[in-house]
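Undergrad: Kindly return the folded structure for what I paste below:
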Amino acid sequence: MKRKWAIIKIRFFLFFIFLFSFFLSAHSQQEPVTSIASLEKSQAIEKIASPIAQEFQESLKNILTTKIKELGPTGALEYCSLNAMPLTEKIKQKHGSTISLLKRTSDKVRNPLNKPDYAEKEALEIFLEAQRRHEPMPANYVQKVEQDWTIKYRYYKPIFIGNICLNCHGSTSQMSPSLKEELHKRYPMDEATGYKPGDFRGLITIEVSMFQEE
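TA: Presented below is the predicted three-dimensional model:
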């Protein structure tokens, strides 16, 4: 009788472990919950992330300007397609003790690696809604992201189309045949053309690791 009762208890314990594991798995697959960070957190994170975003944006712009002068738009596109991601990683590593994510994203991506995740889609929508309403866009946005019992904070800075960007992101009717061919070869699913100066292009995403909460 005691042995039978022991077996029942073991089975019950194993069943409980199974249910708990299932709950953990289901919870981890849920989409994150996003919200606006508190004013205090936003100010602290902006102080850290804003200079990094500025450094990142200026580095990309300087390289693009140099390569267009040296190689023309087609050569610059080829160069950037090979070096933009490594440059992003280099700057991220430079600030590795502070940030855990550095990325560019958009509602109209060129490189599939820059496709927005769930939290980024939520952030993009804030800027796109301002655009639809013809309202001034926020200078930045700090987002609280809750998932799997962890709280993370992300800083977003909008990217706008400048004149130099039109070489590869403007109207395809203004592009040379060689540039259009290179675009199609490297990015067959490209969505990032047809922009005009001042258009909203996307976001710089920075996840500030030092504010992560378990």
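
Undergrad: For this structure, which segments are assigned as strands?
TA: 33-36, 99-105, 141-147, 150-160, 200-208 (DSSP state E).

Undergrad: Could you identify which of these is most buried?
TA: Most buried of the strands of the chain by mean neighbour count (mean count of other CB atoms under 10 Å) is strand 200-208; its value is a mean of 23. In short, each C-beta sits where N, CA and C put it, glycine included.

Undergrad: the longest helix in this protein is where?
TA: Longest helix in the chain, counting residues (DSSP state H): helix 39-94.

Undergrad: Could you pull up the residues touching S81?
TA: For S81, the contacting residues are 111, 186-187, by CB atoms under 8 Å, 6 or more residues apart in numbering.

Undergrad: Turn the strands of the chain into TSV, including mean pLDDT.
TA: Shown next, in TSV, are those (pLDDT from 0 to 100):
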stretch	mean pLDDT
strand 33-36	91
strand 99-105	97
strand 141-147	95
strand 150-160	96
strand 200-208	98
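
Undergrad: how about those strands, which one is nearest Q174?
TA: Checking the strands of the chain against Q174 by CB to CB gives strand 200-208 as the closest, at 17.2 Å.

Undergrad: Who does the closest one pair with, and is each partner parallel or antiparallel?
TA: strand 99-105 (antiparallel), strand 150-160 (antiparallel) (DSSP bridges).

Undergrad: Pipe those into CSV and attach distance to A84 per row.
TA: CSV is the format used below for the strands paired with strand 200-208 (distance: least, CB to CB, whole Å):
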stretch, distance to A84
strand 99-105, 8
strand 150-160, 13
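
Undergrad: follow-up on the earlier one: want to throw the strands of the chain into TSV with distance to H134?
TA: Below are the strands of the chain laid out as TSV (distance: least, CB to CB, whole Å):
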stretch	distance to H134
strand 33-36	22
strand 99-105	23
strand 141-147	19
strand 150-160	15
strand 200-208	12
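
Undergrad: which one of the ones you listed lies closest to P73?
TA: With distances scored as CB to CB, the stretch of the strands of the chain nearest to P73 is strand 200-208 (16.9 Å).

Undergrad: tell me the angle the closest one makes with strand 141-147.
TA: 60 degrees (axes from the mean of the first three to the mean of the last three CA atoms, to 10 degrees).

Undergrad: could you dump strand 200-208 to PDB, C-alpha only?
TA: This file holds the C-alpha atoms of strand 200-208, laid out as PDB (Å, rounded to 0.1, in the frame of the first residue of the first chain):
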ATOM      1  CA  PHE A 200      10.400  59.500 -42.200                       C
ATOM      2  CA  ARG A 201      12.700  56.600 -43.000                       C
ATOM      3  CA  GLY A 202      12.700  54.500 -39.800                       C
ATOM      4  CA  LEU A 203      14.300  54.300 -36.400                       C
ATOM      5  CA  ILE A 204      17.600  53.700 -34.700                       C
ATOM      6  CA  THR A 205      17.000  51.200 -31.900                       C
ATOM      7  CA  ILE A 206      19.200  51.200 -28.800                       C
ATOM      8  CA  GLU A 207      18.600  48.800 -25.900                       C
ATOM      9  CA  VAL A 208      20.200  50.100 -22.700                       C
END
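
Undergrad: From what I see, K67 and A76 are in contact.
TA: Yes - K67 is within contact range of A76, at 4.0 Å (criterion: CB atoms under 8 Å).

Undergrad: okay, these two: which has more neighbours?
TA: Using other CB atoms under 10 Å, the more surrounded residue of K67 and A76 is A76, with 23 against 18.
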